[in-house]
Every structure is written in C-alpha cells, then in structure tokens.
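*Asks:* any chance you can model this:
(one chain, ligands or ions: 1)
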Amino acid sequence: MDGASGPLLKTEIPGPASRGWIDRLALRECPAITSRRARRAAALGVADDDPIVWDEALGANVQDVDGNVFVDLTAGFGVASVGHRNPAVVAAAQAQLSRLPHAMGDAFPDPQRVRLLEALAERTGLDHGILGSSGSDAVEAALKTARLASGRDGVLAFEGGYHGLSYGALAASHYKHHDFRTPFLGQLGDHVRWAPFGGEIPALDGVGAVLVEPIQGRGGVRSPPAGWLQKLRAACDQAGAALIFDEIYTGFGRTGVMFAHQREGVRPDLLCVGKSLAGGFPISACMGSRAVMEAWGASKGEALHTQTFLGNPVGAAMALAALKFIDDERLVERSATLGAWLKDRLSALGRVRGEGLMLGLEAPDPLGLSRALLQRGFILLPAGLRGEVLAFTPPLVITEGQLDGVVTQLQALLGRS
Ligand SMILES: Cc1ncc(COP(=O)(O)O)c(C=O)c1O
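*Replies:* Take a look at the predicted model:
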C-alpha cells in the first residue's frame with residue numbers, strides 16, 4: 001500500500017478479522033451507531049455485508065484488519081483531503097505531541113492556536129474565530145454569535161441541510177429529519193424555520209441567522225441555482241440577519257475552489273469549517289467578521305463560550321501543516337482539474353451533480369452499488385434524502401489511475417463496459 005495503489009483483496013469482504021471486531025463491537029457499543037448490516041441482510045435473505053474494520057491508511061488507500069487494501073472515495077467523511085496519514089501532518093502532530101499535547105483553552109493559550117487563527121483569517125478574510133472540536137461545535141458557535149449580533153432568536157435553514165446532530169446543530173438540520181429529529185422534537189425548540197434549498201427566500205421577520213451549505217453534502221451533493229447565494233446575502237442585509245455558510249464539507253478545496261461560496265463571490269458574516277481542516281484530527285472553527293464577533297463583548301474573566309479542548313495544540317499544529325500542504329501541492333487546482341475529468345467520465349453513466357472532487361452520480365440503487373464496489377475494493381457511500389446518489393469525495397491527492405479503477409468497475413456494474 002503506497003497511497004496511490006489500486007485495491008488488493010486477500011480475503012472475502014468483510015474478512016474474518018473484521019467480522020470478529022464487529023461482533024465484539026456489537027456487544028459494547030450503543031446499537032444505533034455501527035450498522036450491523038449482516039443481521040438485516042439475513043432478515044432480507046441477501047448477502048452478508050457487515051462493514052470492514054479499518055486498520056491503517058495512507059494517501060487514498062485504506063487497509064483493513066484482514067490486510068485487504070481499498071481505494072477510499074470518501075476521504076473518511078471528507079476529512080482526509082490531504083490524504084490519509086499525510087507525512088507532513090503526522091510530523092507536525094508528533095512534534096507537537098512531544099512538546100505540548102494540551103494547553104488550557106480560554107485560560108492559558110499556546111502559540112499554535114494563535115498561528116491557526118491567523119492562518120484561517122488570512123484564508124477566509126474573516127477577522128475573528130472560535131475554535132471547536134467538531135463540525136457541530138462550529139455551527140453552534142455561529143448560531144450563538146448570530147443571536148448576539150442580531151438580537152433575534154429566529155433561524156432560517158434549508159430543506160435537505162445537514163449541520164450535525166448535537167442539540168443546537170440538530171435543531172437546524174433537516175436531512176432525514178424523521179429519523180434524526182422526531183424522537184427529540186420536544187427538546188429542540190421552535191426557533192428554526194425551513195425553506196426549500198435554492199427556492200424562494202421567505203420574509204426574514206424575527207430571523208437573526210440564515211444557515212446554509214453552499215453545496216449540500218449529505219443532502220445529496222445539491223447545488224443551488226446560480227445567483228441564489230447572492231439573493232440570500234441581499235435578503236440578510238435587508239433584514240439585518242447574519243449569513244452563515246456551513247463549509248464543513250465543502251471547505252479547503254473540496255469543490256475546486258478554496259471555499260464553495262467564492263464561486264459566487266458572496267461574503268458570509270460567519271463561516272463554519274471542520275472535517276478536513278486538520279487532515280484527521282477533530283478540530284473545527286467558526287470564523288466571523290469583526291462586526292458580528294464583537295457582539296460577544298470582551299471577556300470578563302469567565303469565557304462566555306469555551307470547551308476543555310478548545311484550540312487543542314496538536315490539532316492546531318496539524319491544521320497548519322494541512323493548510324500548508326494544500327497550498328504547496330496546489331490541491332485546490334488539483335480538485336478542480338481531476339474533478340472535471342471525473343465528472344466527464346461519470347457523465348457517461350448517469351447525471352452527475354457537484355463540483356470539483358465533490359460529485360454525486362445519480363444511479364439506480366446507489367446503496368447496492370456501494371456494497372458491490374466494496375466487494376471490489378472501493379469505498380463509497382450513497383448520499384441524499386433517499387440515498388439517490390453515489391457520492392465521490394475522495395482525498396484530493398487521489399490519482400487518476402485510482403479514479404479510473406472505480407469508473408471501470410462502475411461501467412461493468414452498470415453494464416456499460
Ligand atoms: C455540512 C456539514 N455541517 C456539519 C456537519 C457536522 O459535523 P460533525 O459531524 O463533525 O459534528 C457535517 C458532517 O457531516 C456536515 O457535512
């Protein structure tokens with residue numbers, strides 16, 4: 001496995017070692033978390049397809065506990081943009097771990113946190129930031145900031161949008177709302193209104209925050225019509241609401257530009273980033289303009305918003321290395337070029353949504369296809385409200401040869417070879 005190789009399968013998929021770990025996991029983990037599809041598959045009378053258990057990864061390759069090598073077309077939920085176990089990122093983590101693995105959040109900061117906020121301000125054009133650990137943290141920091149800046153409780157969010165599953169983020173998430181929200185509805189408040197993504201923008205009475213993904217990820221790799229983000233900007237300006245772009249999935253070159261909103265030249269008041277930020281460490285950020293961030297006022301000794309691991313030094317050091325790698329290796333341009341090439345190849349197989357290396361192929365039975373592809377050594381997931389697309393969000397370092405491999409398999413599976 002050199003990061004750029006094709007699949008190499010040695011056992012049935014999943015192999016015996018993966019099955020063993022999944023059996024142990026099932027005894028100890030909350031049953032709603034890791035899918036045990038074997039049980040469901042048995043009930044349905046179809047082939048067993050429990051997950052594989054990851055052991056090691058490099059570049060665009062993942063090796064499971066049975067020694068099978070796969071090509072990862074998910075980048076691990078969009079995290080490994082700079083490649084799994086990127087050597088520059090690992091070196092930064094190791095150096096930081098041997099020096100200072102943890103500082104004291106709001107009480108006693110460290111230089112890496114300062115450097116990371118400076119680097120993010122430079123890249124986003126937004127002056128101030130709040131660091132967090134997960135994407136949901138960044139979304140909740142943005143919602144709190146917008147509440148303070150606007151003085152209004154209302155939030156407008158969009159159908160099919162996904163912003164995370166912790167309570168504040170879940171309140172504004174719409175994706176698969178029957179499954180994710182219904183049991184908790186009584187605890188989610190009634191401050192969020194919904195509008196169709198890419199559709200007519202409703203009056204913003206009482207709304208202090210408009211929260212949107214410039215391209216919906218989990219919602220099915222959906223882009224709004226050209227000019228729609230500009231209309232949102234104008235509506236927010238008129239109503240005095242803060243415009244929040246959730247670029248947790250789309251950020252840092254995923255869609256062929258540094259941030260997806262830049263394609264339309266629209267400036268947000270608040271920008272949420274996470275996932276690929278540190279190339280494999282849980283760190284996120286909500287960046288905001290001076291005008292909105294100043295609504296927090298100065299710290300009076302007790303931080304109004306913090307967490308134990310806020311701006312963790314290892315995560316910050318890794319993020320700095322990942323950002324430098326993206327610049328040095330021109331990964332944003334690579335995402336645009338390789339993405340256009342892949343889109344062209346996939347277009348022969350069905351309609352393709354998305355930009356750069358964030359693509360969705362509209363195909364019959366994407367879940368069935370993803371299972372068949374796993375059996376052939378390629379890791380992909382379906383996306384969309386009805387799982388209607390096969391999603392491609394590979395590491396931006398993936399090679400043309402690796403992409404060609406998955407296209408060839410798809411051609412065979414769809415009978416187009
Ligand atoms: C657009 C978007 N926002 C927010 C989140 C939530 O991030 P996390 O799972 O790190 O809390 C996700 C996760 O998939 C996402 O895609």
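*Asks:* state the pLDDT value of the spatially most central residue of the chain.
*Replies:* Nearest to the mean C-alpha position of the chain, counting by Cα atoms, centre = their mean, stands Tyr249 at 3.1 Å. Looking at Tyr249, its pLDDT is 98.
*Asks:* try Gly45
*Replies:* 52.
*Asks:* ok, so what distance separates Thr145 from the ligand?
*Replies:* 16 Å (Cβ to the nearest ligand atom, to the nearest Å). Glycine gets a C-beta too; all of them are placed from N, C-alpha and C.
*Asks:* follow-up on the earlier one: not counting sequence-adjacent ones, nearest residue to the residue nearest to the centre of the chain?
*Replies:* Gly217 (3.6 Å; Cβ to Cβ, 6 or more residues apart in numbering).
*Asks:* OK, contacts around that neighbour?
*Replies:* The contact partners of Gly217, taken as Cβ atoms under 8 Å, 6 or more residues apart in numbering, are 78, 162, 249-250, 358, 383, 391, 393.
*Asks:* do the same with Phe281
*Replies:* 93, 312, 314-315, 318-319.
*Asks:* pLDDT score for the residue nearest to His191 when sequence neighbours are not counted?
*Replies:* Spatial nearest neighbour of His191, excluding adjacent residues (Cβ to Cβ, 6+ apart): Asp153 at 4.8 Å. pLDDT for Asp153: 98.
*Asks:* what number of residues lie near Asp153?
*Replies:* Asp153 has 14 neighbouring residues, counting by other Cβ atoms under 10 Å.
*Asks:* Pro51 too?
*Replies:* Neighbours of Pro51 using other Cβ under 10 Å come to 20.
*Asks:* angles on the backbone of it, please.
*Replies:* phi -70, psi 160 (degrees, to the nearest 10).
*Asks:* I figured Leu271 hits Cys286, correct?
*Replies:* Yes. Between Leu271 and Cys286 there is a contact at 7.3 Å, judged by Cβ atoms under 8 Å.
*Asks:* pick out the residue of the protein closest to the ligand.
*Replies:* Gly135 (2.2 Å; Cβ to the nearest ligand atom).
*Asks:* which ones are touching that residue?
*Replies:* For Gly135, the contact set (Cβ under 8 Å, 6+ apart) comprises 163-164, 169, 246, 248, 272, 274-275, 284.
*Asks:* kindly report the same for Gly350.
*Replies:* Taking Cβ under 8 Å, 6+ apart, one finds 361-363, 414 in contact with Gly350.
*Asks:* now the two most distant members of those residues.
*Replies:* Farthest-apart pair in these is Glu362 and Leu414; separation 11.7 Å (Cβ to Cβ).
*Asks:* report how many residues lie close to the nearest residue to Ala348 once chain neighbours are set aside.
*Replies:* Spatial nearest neighbour of Ala348, excluding adjacent residues (Cβ to Cβ, 6+ apart): Arg416 at 6.8 Å. Applying other Cβ under 10 Å, we find 11 residues neighbouring Arg416.
*Asks:* how about Pro225?
*Replies:* 9.
*Asks:* in a strand, it, correct?
*Replies:* No. Per DSSP: H, G, I helix; E, B strand; the rest coil, Pro225 lies outside any strand segment and is coil.
*Asks:* which non-adjacent residue is nearest it?
*Replies:* Gly198 (5.3 Å).
*Asks:* surely the one you found touches Gly219?
*Replies:* No. Using Cβ under 8 Å, Gly198 is not in contact with Gly219, being 10.9 Å away.
*Asks:* between those two, who's got more neighbours?
*Replies:* When Gly198 and Gly219 are compared for neighbours, Gly219 comes out ahead with 24 against 17, by other Cβ under 10 Å.
*Asks:* which element, helix or strand, includes the residue lying closest to that one once chain neighbours are set aside?
*Replies:* Closest residue in space to Gly219, ignoring its immediate chain neighbours: Gly160 at 3.4 Å, by Cβ to Cβ, 6+ apart. According to DSSP states H and E, Gly160 maps onto no helix or strand at all.
*Asks:* neighbours of Gly160, how many?
*Replies:* Around Gly160 there are 23 residues (other Cβ under 10 Å).
*Asks:* repeat for the one 4 residues further on
*Replies:* Using other Cβ under 10 Å, Gly164 has 23 neighbouring residues.
*Asks:* ok, Gly125 next?
*Replies:* With other Cβ under 10 Å as criterion, Gly125 counts 13.
*Asks:* what sits against it?
*Replies:* By Cβ under 8 Å, 6+ apart, the neighbours of Gly125 are Arg267.
*Asks:* gap between it and Cys286?
*Replies:* 15 Å (Cβ to Cβ, to the nearest Å).
*Asks:* cool, and Leu361?
*Replies:* Counting by Cβ to Cβ - Leu361 and Cys286 are separated by 32 Å.
*Asks:* hey, where'd the helices end up in this structure?
*Replies:* 16-28, 37-44, 75-78, 87-97, 111-124, 135-150, 167-171, 177-180, 228-239, 290-293, 313-328, 331-347, 366-375, 400-413 (DSSP state H).
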